[in-house]
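A.B. asks: Everything below, folded, please.
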Amino acid sequence: ARNLNGKAIMYADKITASMQKTIDETNYRRTKQINFNTANNLVPQALNKKIDSAFTKNPLVEYELGHTLNTAAEPVNEYLSKEEIDKRIREKRKSMEKAAKDLDFMQAAKLRDEIKKLQEQLA
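C.D. replies: Below is the predicted model:
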């Protein structure tokens, strides 16, 4: 919903099941959005925001701040027992599968990376 005329082009010899699922989900969401817009008399409009504002941020500061927040929010994994690490892996795997099922692939990827870090501690 960032681009009024946004389109995606898929290149393939045949439509796979996952491609069809994505197409169906996109069409479902598009229909739902159009119905909502119609019911509420909304007309989609492009943002009038300067492009350079996206490039003026300092990604290093954001990374360090985000990293600090994550570290402070979770207990230190280095001091966990093998059983606790196994438990966390199971919990994160369950959350990752739910995120993937809900098509929240960014969250699923984040959880996958956290699982890998925990598995490295077991090795």
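
A.B. asks: And Ala46, what's its pLDDT?
C.D. replies: Per-residue confidence (pLDDT) for Ala46: 74.

A.B. asks: for Ile115, same thing?
C.D. replies: Here, the pLDDT recorded for Ile115 equals 92.

A.B. asks: Could you list the buried residues of the helix or strand harbouring it?
C.D. replies: Using DSSP states H and E, Ile115 falls within helix 105-122. Judged by neighbour count using 16 or more other Cβ atoms under 10 Å, the buried positions of helix 105-122 are 108, 110-111, 114-115, 118. Any C-beta I mention is one placed from the backbone N, CA and C, and that applies to glycine too.

A.B. asks: Tell me the helices and strands packed up against it.
C.D. replies: Packing contacts for helix 105-122, counted by 3 or more Cβ pairs under 8 Å, 6 or more residues apart in numbering; DSSP states H and E, involve helix 82-101.

A.B. asks: which of the residues in the helix it packs on are buried?
C.D. replies: Buried positions in helix 82-101, judged by neighbour count with 16+ other Cβ under 10 Å: 88-89, 92, 95-96, 99.

A.B. asks: of the residues you listed, closest to Thr26?
C.D. replies: Closest approach between these and Thr26, by Cβ to Cβ: Ala99, at 18.4 Å.

A.B. asks: I'd say that closest one and Arg93 touch.
C.D. replies: No - if you go by Cβ atoms under 8 Å, Ala99 and Arg93 don't touch, sitting 10.7 Å apart.

A.B. asks: Name the nearest of the buried residues of helix 82-101 relative to Lys21.
C.D. replies: Among the buried residues of helix 82-101, Ala99 lies closest to Lys21 (Cβ to Cβ), at 15.8 Å.

A.B. asks: show me the contacts for the closest one.
C.D. replies: Listed by Cβ atoms under 8 Å, 6 or more residues apart in numbering, the contact set of Ala99 reads 105, 107-108, 111.

A.B. asks: likewise Ala100?
C.D. replies: Contacts of Ala100 (Cβ under 8 Å, 6+ apart): Ala108.

A.B. asks: Could you dump the buried residues of helix 82-101 into JSON lines and include pLDDT and distance to Lys82?
C.D. replies: Listed next are the buried residues of helix 82-101 as JSON lines, based on pLDDT from 0 to 100; distance: Cβ to Cβ, whole Å:
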{"residue": "Arg88", "pLDDT": "92", "distance to Lys82": "11"}
{"residue": "Ile89", "pLDDT": "92", "distance to Lys82": "11"}
{"residue": "Lys92", "pLDDT": "94", "distance to Lys82": "16"}
{"residue": "Ser95", "pLDDT": "94", "distance to Lys82": "20"}
{"residue": "Met96", "pLDDT": "94", "distance to Lys82": "21"}
{"residue": "Ala99", "pLDDT": "91", "distance to Lys82": "26"}
